[in-house]
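**Student:** Here is the input, now give the coordinates:
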Amino acid sequence: MLHLSLDGEGPLHRQLYRALRRAILDGAFPAGARLPASRVLAGDLALARNTVLQAFEQLLDEGYVAARTGSGTYVADSLPDDRVAVARDGARVGTGPSARSPLRLSRLAERVAAAAPPGGVSWRIGRKTRLYDFRYGEPSYADLPLATWWRLHGRRARRVSARRLGYGAPGGAPELRRALAAYLRRARGVVCEPRQVIVVRGTQQAIDLAMRVVVDPGERVVVEEPRYPGLSLSAAAAGAELVSVAVDAGGLRVADLAAAGAARLICVTPSHQFPTGVIMPLARRLELLALAARTGAFVLEDDYDSEFRFDGRPVESLQGLDRAGRVLYAGTASKLLFPALRLGWLVVPPDLVEPFESVRALADTGTATLDELVLADFIEGGHLERHVRRARVRNGARRAALLAALARHLGARARVSGTDAGLHVLVWLPEIPAARAAALRREAAARDVGVYPVTPYYAHPPTAAGLVLGYAALTERAIEEGIARLAEAYDAVAGAGGDGKRAPRREQRVGGPSSSIRRRDKPR
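**Tutor:** Predicted coordinates:
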């Protein structure tokens with residue numbers, strides 16, 4: 001009797017079905033062979049006969065076996081998984097000539113694979129492994145008004161009607177679209193009607209949606225240098241020709257766009273450039289909008305964290321200045337509240353609402369309506385703006401602690417960019433070459449400090465080491481201790497690679513090398 005091993009996963013009839021299917025595909029039961037009678041098999045395996053009959057029925061339904069009246073159950077002559085063996089753990093292994101034929105992916109999948117970092121694309125922020133972790137992307141969860149959030153959530157859950165349990169509108173719940181339109185008008189100077197607000201699952205889906213709707217393969221997409229990697233990955237997936245234009249102290253150098261040629265989409269972070277933190281002044285914003293109107297380009301404005309401005313009022317959005325209907329405005333609740341909420345918004349010109357909603361509906365059938373309604377209540381009750389005001393004060397204190405610690409422990413050895421707004425700063429370390437940034441990170445990790453080099457945000461890495469230091473999730477005391485330990489790591493690396501002496505303070509230069517335009521090969 002052939003030995004069949006059940007894998008212990010799920011109901012017994014499913015385990016037996018999988019064991020028999022493996023035996024058939026491995027050739028233990030060849031085509032045309034008769035399976036053991038159900039009574040015999042049940043007795044050998046100490047199973048109920050109904051369990052065996054259920055497994056046989058599943059094999060019969062899927063075409064692995066055929067029943068012959070009065071004779072028994074036989075392996076089918078032609079199998080659904082012909083010339084495929086199923087390994088003991090369930091993984092499929094090719095056995096015939098077809099195994100030598102590689103799996104064929106779509107061109108989109110191939111472009112994503114070529115552009116993705118090792119290990120694939122993921123936005124997951126892993127578990128903290130360092131006591132003093134300056135990672136960017138997490139808020140201070142202790143600052144969140146979670147009691148208020150869950151109270152509103154419970155109220156909505158208790159009162160939700162059966163009508164709201166079905167599929168929602170592709171653009172999102174009307175209540176949230178109204179609340180967001182009013183909030184964005186007050187807080188960011190966005191000019192829109194509720195129907196122009198498309199609710200999405202965070203900024204990354206907004207970026208992907210914009211690429212799908214307005215960019216064809218081969219068309220140019222302009223991104224900042226340096227930039228948020230999600231923009232360049234989405235452009236590569238769209239088959240676009242990616243063009244990098246350098247950032248200076250005023251953000252994207254709009255004057256250099258003419259040399260890049262006509263672009264279909266220009267991606268910018270004008271209110272707090274990522275990762276340098278510089279802010280695009282009004283004159284350059286108007287210059288960019290004029291260029292877009294003249295050339296027919298769209299502008300994707302990623303407004304990811306500009307509510308947190310510490311010196312003066314938050315700069316109003318680029319979208320609020322647009323009179324030609326060229327700006328697509330993206331925002332997210334991930335920085336305002338918490339990433340797991342997975343709610344963001346894309347504000348589009350009136351003529352583009354229908355195509356954006358249709359393409360959004362194909363991506364998925366809508367966001368979680370209950371969470372949308374809770375966020376709408378949170379905004380309309382004034383809780384969001386109160387939270388932002390409190391968070392701005394607390395993050396301002398953390399920022400001040402970080403700047404003071406950097407001045408105290410690193411002094412003129414560090415040049416800091418992006419201090420006016422947002423939840424991170426960019427720290428340049430001119431005495432340490434970019435090639436030694438990994439060594440600095442290791443030395444910091446040995447002292448229980450997590451730091452993150454700026455290199456991944458550049459298509460063409462800078463010559464000096466730079467660190468993107470997020471501070472929103474740290475206490476002021478932890479920031480002080482973490483920077484003190486970072487200075488020790490700096491001394492260890494500088495001492496190993498140079499004389500370790502302090503360099504005189506030099507004039508700050510933000511935005512990378514002087515060559516303004518760098519073009520990557522068109523994705524294939």
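
**Student:** Now do the domain split for the protein, please.
**Tutor:** Domains of the chain are assigned by automatic domain parsing as 12-99, 132-137+388-497, 171-386.

**Student:** what's the model's confidence in the first one, averaged?
**Tutor:** Meaning domain 12-99. Mean per-residue pLDDT for domain 12-99: 77.

**Student:** Disregarding flanking residues, what is the spatial nearest neighbour of D7?
**Tutor:** Q15 (5.7 Å; CB to CB, 6 or more residues apart in numbering). No exception for glycine: its C-beta is placed from N, CA and C like everyone else's.

**Student:** In terms of helix, strand or coil, where does the one you found fall?
**Tutor:** Using DSSP: H, G, I helix; E, B strand; the rest coil, the structure places Q15 in helix.

**Student:** Pretty sure it sits against S5.
**Tutor:** No - in this structure, Q15 is not within contact of S5 by CB atoms under 8 Å, at 9.2 Å.

**Student:** hmm, back to that, using JSON lines, lay out the domains of the chain together with mean neighbour count.
**Tutor:** Converted to JSON lines, those look like this (neighbours: other CB atoms under 10 Å):
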{"stretch": "domain 12-99", "mean neighbour count": "15"}
{"stretch": "domain 132-137+388-497", "mean neighbour count": "19"}
{"stretch": "domain 171-386", "mean neighbour count": "20"}
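
**Student:** Could you name the helices and strands sitting against the helix or strand harbouring A147?
**Tutor:** According to DSSP states H and E, A147 maps onto helix 146-159. Helix 146-159 is packed against helix 369-380, helix 383-409, with contacts defined by 3 or more CB pairs under 8 Å, 6 or more residues apart in numbering; DSSP states H and E.

**Student:** Now do the lengthiest strand in the chain and helix 383-409, the angle between them.
**Tutor:** Identified as the longest strand of the chain according to DSSP state E is strand 424-433. Comparing the axes of strand 424-433 and helix 383-409 via axes from the mean of the first three to the mean of the last three CA atoms, to 10 degrees yields an angle of 20 degrees.

**Student:** Tell me the strands beside strand 424-433, with direction?
**Tutor:** strand 415-417 (antiparallel), strand 464-470 (antiparallel) (DSSP bridges).

**Student:** got these as a markdown table, with distance to P36 and mean pLDDT columns?
**Tutor:** Shown next, in a markdown table, are the strands paired with strand 424-433 (distance: least, CB to CB, whole Å; pLDDT from 0 to 100):
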| stretch | distance to P36 | mean pLDDT |
| --- | --- | --- |
| strand 415-417 | 74 | 91 |
| strand 464-470 | 63 | 93 |
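
**Student:** Would you map the strands across the stretch 151-300 of the chain?
**Tutor:** 197-200, 220-225, 241-248, 251-252, 265-268, 298-302 (DSSP state E, counting those that start in this stretch).

**Student:** The domains of the chain: which one's closest to S106?
**Tutor:** domain 171-386 (10.4 Å; CB to CB).

**Student:** Distance from the closest one to the middle of the chain?
**Tutor:** 15 Å (CA atoms, centre = their mean, to the nearest Å).

**Student:** same thing with stretch 401-415?
**Tutor:** 31 Å.

**Student:** Kindly check the end-to-end length of it for me.
**Tutor:** 16 Å (CA to CA, to the nearest Å).

**Student:** Identify the residues contacting E9.
**Tutor:** For E9, the contact set (CB atoms under 8 Å, 6 or more residues apart in numbering) comprises Q15.

**Student:** separation between it and R323?
**Tutor:** 61 Å (CB to CB, to the nearest Å).

**Student:** next one: R21
**Tutor:** For R21, the distance to R323 - CB to CB - is 64 Å.

**Student:** before we move on, what about L341?
**Tutor:** 33 Å.

**Student:** How about A494?
**Tutor:** 52 Å.

**Student:** ok, what's across the strand from the residue lying closest to I266 once chain neighbours are set aside?
**Tutor:** Spatial nearest neighbour of I266, chain neighbours left out: V222 (4.4 Å); criterion: CB to CB, 6+ apart. Beta-bridge partners recorded for V222 (DSSP bridges): V243, I266.

**Student:** I'd guessed V222 sits against C267; true?
**Tutor:** Yes - contact criterion CB under 8 Å: V222 and C267 qualify, at 6.5 Å.

**Student:** check contacts around the nearest residue to R201 once chain neighbours are set aside.
**Tutor:** Leaving out its chain neighbours, the residue that sits closest to R201 by CB to CB, 6+ apart is R342, at 4.7 Å. Listed by CB under 8 Å, 6+ apart, the contact set of R342 reads R201, G202, S334, T367, A368, D371.

**Student:** Pick the one among those residues closest to G250.
**Tutor:** S334 (26.9 Å).

**Student:** which outside residues touch the one helix or strand the closest one maps to?
**Tutor:** Assigned by DSSP H and E, S334 falls within helix 333-336. Here helix 333-336 makes contact (CB under 8 Å, 6+ apart) with 137, 139, 202-203, 304-305, 307-308, 341-344, 375, 384, 387-388, 423.

**Student:** Give the full set of residues in contact with the nearest residue to I379 once chain neighbours are set aside.
**Tutor:** Computed as CB to CB, 6+ apart, the closest residue to I379 that is not its neighbour in sequence is A179, at 4.1 Å. Neighbouring residues of A179 by CB under 8 Å, 6+ apart: L375, A376, I379, E380.

**Student:** try 6 Å
**Tutor:** A376, I379, E380 (CB atoms under 6 Å, 6 or more residues apart in numbering).

**Student:** The first one reaches E175, doesn't it?
**Tutor:** By that I understand A376. Yes - the criterion here is CB atoms under 6 Å, and A376 meets it with E175 at 4.1 Å.

**Student:** circling back to that earlier point, columns distance to E110 on top of the domains of the chain, output as TSV?
**Tutor:** Shown next, in TSV, are the domains of the chain (distance: least, CB to CB, whole Å):
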stretch	distance to E110
domain 12-99	21
domain 132-137+388-497	20
domain 171-386	10
